[in-house]
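Participant: Please work out how this folds:
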Amino acid sequence: MVEHNVKKISLAAEGIICSGCAMDMEKVMRDMDGLLDVSVSYSKGSIAVTYDPAELTEEDIIATVKRFGLKTRIIAR
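Facilitator: Residues are numbered from 1 along each chain as shown. Just a heads-up that it's a prediction; the model follows:
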């Protein structure tokens, strides 16, 4: 078994309008291959993601967030 580095990023998520939206986003994102953990905070307008870079890229994560109609950018690595 090959071990890969696990990476973490935090994203701004501008435009989340309710806590239910945040929960829906988490549910969709949890189905992404290579995503190990996700936490979407409606109150903070942020998303914390832990992922396997061998299976998922930052660009993939950002594209998924944008599909929800949100503006996003990486705020921490």
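Participant: tell me which residues of the longest helix along the chain are tucked away?
Facilitator: Ranked by residue count under DSSP state H, the longest helix found in the chain is helix 19-30. Going by neighbour count (16 or more other C-beta atoms under 10 Å), the buried part of helix 19-30 is 21, 22, 25, 29. No exception for glycine: its C-beta is placed from N, CA and C like everyone else's.
Participant: correct me, but the last one touches residue 36?
Facilitator: No - in this structure, residue 29 sits apart from residue 36 without contact. The criterion is C-beta atoms under 8 Å, and the distance is 10.9 Å.
Participant: quick one, strands of this protein?
Facilitator: Chain-ordered strands for the chain, with DSSP state E as the definition, fall at 7-14, 35-41, 46-51, 71-76.
Participant: Now mean pLDDT, mean neighbour count and distance to residue 59 too, for the ones you listed, in JSON lines please.
Facilitator: Supplementary listing: those in JSON lines, determined by pLDDT from 0 to 100; neighbours: other C-beta atoms under 10 Å; distance: least, C-beta to C-beta, whole Å:
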{"stretch": "strand 7-14", "mean pLDDT": "96", "mean neighbour count": "16", "distance to residue 59": "11"}
{"stretch": "strand 35-41", "mean pLDDT": "96", "mean neighbour count": "17", "distance to residue 59": "14"}
{"stretch": "strand 46-51", "mean pLDDT": "97", "mean neighbour count": "20", "distance to residue 59": "12"}
{"stretch": "strand 71-76", "mean pLDDT": "95", "mean neighbour count": "13", "distance to residue 59": "11"}
